[in-house]
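> Model the structure of this input:
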Amino acid sequence: MNKIATMLIALALICGTALAQQISQEQVQPPKVAAPPRLTFAARMKQYLSRTGSTIDEGKSSADMVVSNYGDPKGGKVTIVLVNDRRKNLLGFYIYNFGSLKNATNKEEVYKYLLSANDAITIGSFFVDSDSDIGYKYLVSSTQGLNQAAFETAYFTMAAVARERKPEIRQLLGAGSGKEEKPDVKKAAEEKPPGQ
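The predicted structure follows:
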């Protein structure tokens, strides 16, 4: 009987110790914090843009499109349209206002230049849309997280390419590159992204 009593006491001590360890571990673990609310596309893009020094054209922006204006350090302004293509899970960076091939007499020469430019640039590509307007785009998968550094790299690189290539393209088209024209965001207002 003495052995049974000893075994019962030992079993009670083991169970009590295990229970005490379980309770102390639960007390040590920090309370679970709810995940922050997920930002909408427009809110996330505006957050990224606020850190670039760009302005946002609220009148032309929508839930799946943010129109931004980047004040180039060399004095110009570049309009970059950010489009959320939910269908393809893509974030598109678009720049227009290079000109149109509609009335160009040297279309083949312009196409050659655009292809050559695409080979030389590291981010994005020039394209001609269904209205014969020349644009520049860069598409990023929106299923993978895009951080501030990656956003800024794409944004600033595109602005630099547009600044460098626009005078050459406009000269090829026979349009002067003297005065700054109004930015063209007509394509950004369409339901599907330009060039798609």
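
> which sections of this protein are below the confidence cut-off?
By pLDDT under 70, the low-scoring segments of the chain are 1-31, 35-36, 175-196.

> per-domain residue ranges of it.
Domains of the chain are assigned by automatic domain parsing as 1-33, 41-189.

> quick one: the helices in this structure?
Taking DSSP state H, the helices of the chain run over residues 2-28, 41-50, 107-120, 148-173.

> And the shortest one, what does it pack against?
Read that as helix 41-50. Packing partners of helix 41-50 (3 or more C-beta pairs under 8 Å, 6 or more residues apart in numbering; DSSP states H and E): strand 65-71, helix 148-173. Heads up, the C-betas are built off the backbone N, CA and C, glycines and all.

> relative orientation of the shortest one and helix 41-50 in degrees?
Regarding strand 65-71 and helix 41-50, their directions subtend 10 degrees when assessed with axes from the mean of the first three to the mean of the last three C-alpha atoms, to 10 degrees.

> picking that back up, export the domains of the chain to CSV and append columns for mean neighbour count.
Converted to CSV, the domains of the chain look like this (neighbours: other C-beta atoms under 10 Å):
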stretch, mean neighbour count
domain 1-33, 9
domain 41-189, 16
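
> how much space between residue 53 and residue 73?
10 Å (C-beta to C-beta, to the nearest Å).

> How about residue 80?
Residue 80 is 15 Å from residue 73, by C-beta to C-beta.

> Tell me how far residue 33 lies from residue 47.
When residue 33 is compared with residue 47 (using C-beta to C-beta), they lie 21 Å apart.

> same thing with residue 63?
Distance from residue 63 to residue 47, by C-beta to C-beta: 15 Å.

> quick revisit: using a markdown table, lay out the helices and strands packed on helix 41-50 together with distance to residue 92.
Formatted as a markdown table, the helices and strands packed on helix 41-50 follow (distance: least, C-beta to C-beta, whole Å):
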| stretch | distance to residue 92 |
| --- | --- |
| strand 65-71 | 9 |
| helix 148-173 | 10 |
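
> So for residue 106, which of those sits nearest?
Each of these has some distance to residue 106 by C-beta to C-beta; the shortest is helix 148-173, at 6.8 Å.

> which helices and strands sit right next to that closest one?
helix 41-50, strand 65-71, strand 77-85, strand 90-95, helix 107-120, strand 134-141.

> Which one of those lies nearest to residue 163?
strand 77-85 (6.4 Å).

> Okay, the nearest residue to residue 136 once chain neighbours are set aside and residue 51: tell me how far apart.
Spatial nearest neighbour of residue 136, excluding adjacent residues (C-beta to C-beta, 6 or more residues apart in numbering): residue 95 at 4.5 Å. From residue 95 over to residue 51 the distance is 20 Å, taken as C-beta to C-beta.

> again, but for residue 136
22 Å.

> For the spatially closest residue to residue 41 that is not a sequence neighbour, give the beta-bridge partners.
Counting by C-beta to C-beta, 6+ apart, residue 84 is the residue found nearest to residue 41 once chain neighbours are left out, at 4.2 Å. Assessed by DSSP bridges, residue 84 has beta-bridge partners residue 91.
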